[in-house]
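Visitor: Sequence and computational prediction follow.
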2 protein chains.
Amino acid sequence: MSDKNDEKKVTPRSQDFAAWYNDVILRAELADYSPVRGCIVFRPDGFAIWEALRDELDRRIKKTGARNAYFPLFIPESFLRKEAQHVEGFAPEVAVVTHGGGKELEEPLIVRPTSETIINYMFAQWIHSHRDLPLMINQWCNVVRWEMRTRLFLRTAEFLWQEGHTAHAAREEAERETLTMLEVYRGFVEDFLAIPLVVGRKSAAERFPGAEETYTIEGLMGDARALQCGTSHFLGQNFARAFDIRFLDETNQMQHPWQTSWGVSTRLLGALIMVHGDDQGLRLPPTVAPTQVVIVPIWRKPAEAEAVLAAARSARDQLEQAAVRVRLDEREGLTPGFKFNDWEMRGVPVRIEIGPRDVASGEAVMARRDRKGPEAKQKAPLAELATRIVALLEEVRASLYRQALEWKTANTRQFDDYEAFRRQMAGEGGGGMADIYWCGNAACEARIREETRATCRAIPLNQSVPAGRCLICGESASERAIFAKAY
Amino acid sequence: MSDKNDEKKVTPRSQDFAAWYNDVILRAELADYSPVRGCIVFRPDGFAIWEALRDELDRRIKKTGARNAYFPLFIPESFLRKEAQHVEGFAPEVAVVTHGGGKELEEPLIVRPTSETIINYMFAQWIHSHRDLPLMINQWCNVVRWEMRTRLFLRTAEFLWQEGHTAHAAREEAERETLTMLEVYRGFVEDFLAIPLVVGRKSAAERFPGAEETYTIEGLMGDARALQCGTSHFLGQNFARAFDIRFLDETNQMQHPWQTSWGVSTRLLGALIMVHGDDQGLRLPPTVAPTQVVIVPIWRKPAEAEAVLAAARSARDQLEQAAVRVRLDEREGLTPGFKFNDWEMRGVPVRIEIGPRDVASGEAVMARRDRKGPEAKQKAPLAELATRIVALLEEVRASLYRQALEWKTANTRQFDDYEAFRRQMAGEGGGGMADIYWCGNAACEARIREETRATCRAIPLNQSVPAGRCLICGESASERAIFAKAY
């Protein structure tokens, strides 16, 4: 709200999506660039969204039986090398601590890019018997991956996330856990963040380094590019072998446990912005909005101010009582129009306008951010404001989901013809999601990537499609896959 | 609860306090050593205490108007050097990242030991006008200080904390904020953690590097050593000058803002253990206990099991309804006595015993962890269990505070004679808190440290004591100070 920002205009979304994205984040004061390459600052409104998201997801994760813990930031370099695919995946992008307390370290330490190695080292200390299983741990923390090209929230050298790590006595149990967490993520992202998803497994090429199977939830952004919103990995016994985790089973045999890991990150903030935002700025689901309702008092004559402000304050108190995150904009020297734009930019789901005539008639205007024009506004009796607002906030959430679902549906196309698919991907914007038969062959996948820059986002689960022909090679294909250009 | 732990005995507290401390932490599974030097692992029960503590303190901090944000883990090495005392204080104990993404960095990055420098760099971008003030930011994060000798929770290379950073237009406002946060900490630690405190300002020698004044809350541990539990710093304009933070005041003059910073850390877990624990293990205030109540069903004949378990489950459901964190110990093959010891070790504030006769009489035994012997037990009608338990938990919290206060009072002594003071500090254990006249001279303070290892913990606020004579040099002294050996 500083003077500088008032002068800056936000690039229209339709004109330049990437510029719009950055403008909105800076203008809405969600984040800022930092003096450290690739690292960003989460400003209070951005961090409040993360906190709302984190608290709800944390509640859902704990409900599954996992418990939070905290493991060291640093990982001995040698740990990373213990799992062959894992080191290949992460070694090129790590930050390395070589000096501590004024001395060169004997063994360099890696700043964790993910914590499989250190957590599994500890699991080996804690797991001895089948009675120690399942062991289900979650960690909220910062991780570092030295990215060459960074982008606010989406790709930063340091980011925040949660990473769950579990160990089970039986393979089937670990596989079930992988899918349980996938479903927790799906429910959370679709219901709480109002982002419709494609849910499926990854191709071998897109798997997490060290996993036997990776499952994913994928959203479609406002520029018709896909974004991976969370992943759940079935790790088999790969890390258990690498870290020699063994337990005595019920028949007194030594066994390696079966493991999973799963995570979502501050990328989800990027998804929220890119799925729901419009030319006016952010549109936030009320579930995560730092301010759910802003009240703008309006008057012309000074004599009107007192009654209007009294009504506005009473409305605020009423909403606070109902646990609504409400803010009364009493700033002086700013026009109502300026305030409307300012709060629209910040994505506040509902605005309440109260003027002298409203006070006289005992009403207020509720303006919802998810719609435009006259249909966005409705009157509500001041006496019933809290009930009406609570219901309207729920309506806004559902409506944001519906709009996003319409966009995703409209931008998901089936292709039987490779050239049509290629043209679609080569066109303006992201190209949307292509729903195609794929034989599963890595060569076909590589050809698509090379010729269209689209990647296999997900192979949807539980397909019951007739056998078909691979869009690329024409060989028989038993499944359809979603390909898209992605962040 | 693994088999290995069952064999380990905890060193009696009276015999070897330091060994007892480590034993309890490992045995109660609060934390574990990690393969990374100086870094520990917070296990689920330890982390749950931190979460309870953090959530409550976070609520209290937000109530003062501060908002959470998140700043980069890494700080350019040159930033640390901008404030002369700050670099002197922290340079010797930093961890340095020299390589990222496979290349040597142009400028090494420091892993934050505290975030004054990077946050003030950002403040300089955000603060332009008096309308941007006060700016009140809090951050929960990990920090790294390369400690030579580490100790679980108390002194670890990486630890978790919150650090608040505020900027104000007027000196008095910043001074007030420093004291407001000191009072937030005092209320939180005394009421919520049940730890009685000495509150005061630090001597110049003990100040935070870069602060004009440091205030502290100090607790007295079970071995009669002091522990600093939190600090609040008035930074004056030192960092504002170093980072060129300036604002246009209401009279159109450019000014440097006045600043504060304040923090508490995972050290508080160490304080909880050392203040409340006993030979049987942990004793946790119900406010932070991961399990507040454990129900142990007891029966001899198999025929009794069904009725006892049914009553125990119904008691559990009743307590869950009342939002009590309750656990029913249905483990088989373990005696009630083993279970009693196990949960006492873990510090569970109240145990409920239900046997066949209790079922018959519609009662249960409530055994409180804060007392010993017959007076620790009382009966409660099963029908009123929730009400009785909620009241008892509050009683346990108050009683733990009272016991700790008695200990602190009994171990705080006034000295008029330096030799008596010296003998006290040289004796067994920590020596307690010495309440003495001190002239304020650094030479006297240094002599005490050298000859007794005691340091100035705090100069209590708002003293109204008659003028006296410095215990060390005999010169006139207007204030009393608390000296103690400390962690």
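Guide: Received it, and whenever you're ready, just let me know what you need.
Visitor: Return the per-residue confidence for A:Ser2.
Guide: Looking at A:Ser2, its pLDDT stands at 42.
Visitor: again but with A:Arg151, I slipped
Guide: Value for A:Arg151, per-residue pLDDT: 94.
Visitor: Contacts only, for it.
Guide: Neighbouring residues of A:Arg151 by C-beta atoms under 8 Å, 6 or more residues apart in numbering or on different chains: A:270, A:487. C-beta here means a position set from N, CA and C on the backbone, and glycine is covered the same way.
Visitor: separation between it and A:Leu30?
Guide: Remark: distance between A:Arg151 and A:Leu30 (C-beta to C-beta, to the nearest Å) = 13 Å.
Visitor: for A:Ala398, same thing?
Guide: Taking C-beta to C-beta, one finds A:Ala398 at 24 Å from A:Leu30.
Visitor: So the two - more neighbours on which side?
Guide: Taking other C-beta atoms under 10 Å in any protein chain shown, A:Ala398 and A:Leu30 do not tie; A:Leu30 has more neighbours (28 against 14).
Visitor: thought the more buried one was touching A:Arg43?
Guide: Yes. With contact defined as C-beta atoms under 8 Å, A:Leu30 reaches A:Arg43; the gap is 6.1 Å.
Visitor: Contacts for the helix or strand that A:Tyr121 is a member of, please.
Guide: Counting by DSSP states H and E, the element that carries A:Tyr121 is helix A:116-126. By C-beta under 8 Å, 6+ apart, the residues outside helix A:116-126 that reach it are A:71-72, A:75, A:79-80, A:82-83, A:86, A:112, A:132, A:135, A:137, A:139, A:165, A:167, A:210, A:235, A:239-240, A:242-246, A:257, A:259, A:261, B:2, B:32, B:34-36, B:41.
Visitor: how does it look with 6 Å?
Guide: A:71, A:75, A:79-80, A:165, A:167, A:239, A:243-245, B:35, B:41 (C-beta atoms under 6 Å, 6 or more residues apart in numbering or on different chains).
Visitor: Over to stretch A:86-93?
Guide: Contacts with stretch A:86-93, where a contact means C-beta under 6 Å, 6+ apart, come from A:80-81, A:113, A:145-146, A:209-210, B:101-102.
Visitor: Neighbours of the nearest residue to A:Ser476 once chain neighbours are set aside, how many?
Guide: Closest residue to A:Ser476 apart from its sequence neighbours, by C-beta to C-beta, 6 or more residues apart in numbering or on different chains: A:Ala467 at 5.9 Å. A:Ala467 sits with 9 neighbouring residues when counted by other C-beta under 10 Å.
Visitor: Likewise for A:Arg300?
Guide: Look at A:Arg300: counted by other C-beta under 10 Å, it has 9 neighbours.
Visitor: now swap in A:Glu212 and tell me
Guide: So A:Glu212, with other C-beta under 10 Å, has 19 neighbours.
Visitor: Identify the residue spatially nearest to it, adjacent ones excluded.
Guide: Leaving aside its sequence neighbours, A:Glu212 sits nearest to A:Gly236 (C-beta to C-beta, 6+ apart; 4.0 Å).
Visitor: I'd like to know the beta-bridge partner residues of that neighbour.
Guide: Going by DSSP bridges, A:Gly236 is paired in beta bridges with A:Gln259.
Visitor: and the nearest residue to A:Gly263 once chain neighbours are set aside, backbone torsions?
Guide: In space, and not counting its chain neighbours, A:Gly263 is closest to A:Glu163: 4.4 Å by C-beta to C-beta, 6+ apart. The phi/psi pair for A:Glu163 (degrees, to the nearest 10) reads phi -130, psi 120.
Visitor: Give me the below-cutoff pLDDT ranges for chain A.
Guide: Counting by pLDDT under 70, the ranges of chain A that qualify are A:1-8.
Visitor: how's it carved up into domains?
Guide: Using automatic domain parsing, the domain parsing of chain A gives A:3-276, A:293-407, A:412-484.
Visitor: now the end-to-end length of the second one.
Guide: In this case it means domain A:293-407. Its first and final residues considered, domain A:293-407 spans 26 Å by C-alpha to C-alpha, to the nearest Å.
Visitor: So A:Leu105: helix, strand or coil?
Guide: strand (DSSP: H, G, I helix; E, B strand; the rest coil).
Visitor: what residues does chain A put near chain B?
Guide: Neighbours of chain B within chain A, by C-beta under 6 Å from any C-beta of the partner chain: A:2, A:34-36, A:39, A:41-44, A:47, A:67-74, A:92-93, A:95-102, A:121-122, A:128, A:132, A:142, A:146, A:158.
Visitor: Is it possible to mark the buried ones in those?
Guide: In the residues of chain A next to chain B, burial by neighbour count holds for A:34-36, A:39, A:41-44, A:47, A:67-74, A:93, A:95-101, A:121-122, A:128, A:132, A:142, A:146, A:158, counting by 16 or more other C-beta atoms under 10 Å in any protein chain shown.
Visitor: which residues in the stretch 101-250 of chain A form helices?
Guide: A:116-126, A:171-187, A:238-242 (DSSP state H, counting those that start in this stretch).
Visitor: Quick check: A:His168 touching A:Trp258?
Guide: Yes. Applying C-beta atoms under 6 Å as the test, A:His168 and A:Trp258 come out as touching, 5.0 Å apart.
Visitor: Mutual contacts of those two, please.
Guide: A:Ala174.
Visitor: out of those two, which sits in the busier spot?
Guide: Neighbour tally, A:His168 and A:Trp258, criterion other C-beta under 10 Å: the higher count belongs to A:Trp258, 26 against 21.
Visitor: dump the residue contacts of the more buried one.
Guide: A:Trp258 is in contact with A:168, A:171, A:174, counting by C-beta under 6 Å, 6+ apart.
Visitor: show me the contacts for the second one.
Guide: For A:Arg171, the contacting residues are A:Trp258, taking C-beta under 6 Å, 6+ apart as the criterion.
Visitor: The first one too?
Guide: Counting by C-beta under 6 Å, 6+ apart, A:His168 makes contact with A:133-134, A:174, A:257-258.
Visitor: Tell me the one among these nearest to B:Glu250.
Guide: When the contacts of A:His168 are compared for distance to B:Glu250 (C-beta to C-beta), A:Pro134 comes out closest, at 61.9 Å.
Visitor: State the next helix or strand along the chain beyond the longest helix belonging to chain A.
Guide: Counting residues, the longest helix found in chain A (DSSP state H) is helix A:385-410. Moving toward the C-terminus from helix A:385-410, the next helix or strand (DSSP H and E) is strand A:412-414.
Visitor: C-terminal to that next one, which secondary structure element comes first?
Guide: Downstream of strand A:412-414, the next assigned helix or strand under DSSP H and E is helix A:418-426.
Visitor: list the buried ones in that next one?
Guide: Neighbour counts over helix A:418-426 (16+ other C-beta under 10 Å) mark A:418, A:421-422, A:424-425 as buried.
Visitor: How far off centre is that helix?
Guide: For helix A:418-426, the distance from its own C-alpha centre to the chain's C-alpha centre is 28 Å (C-alpha atoms, centre = their mean, to the nearest Å).
Visitor: what's the distance between the residue minimising distance to the centre of chain A and chain B?
Guide: Most central in chain A under C-alpha atoms, centre = their mean is A:Leu268, positioned 1.7 Å from the mean C-alpha point. Distance, A:Leu268 to chain B, by C-beta to the nearest C-beta, to the nearest Å: 15 Å.
Visitor: The helix or strand encompassing that residue to helix A:385-410, inter-axis angle?
Guide: Per DSSP H and E: A:Leu268 is located in helix A:267-276. For helix A:267-276 against helix A:385-410, the angle by axes from the mean of the first three to the mean of the last three C-alpha atoms, to 10 degrees is 80 degrees.
Visitor: After helix A:267-276, which helix or strand is next?
Guide: Per DSSP H and E, helix A:267-276 leads on to strand A:293-297 as the next helix or strand towards the C-terminus.
Visitor: Show me what that next one is in contact with.
Guide: When contacts are defined by C-beta under 6 Å, 6+ apart, strand A:293-297 is touched by residues A:308-309, A:312, A:315-316, A:319, A:324, A:326-329, A:336, A:339, A:343, A:348, A:350-354, A:389.
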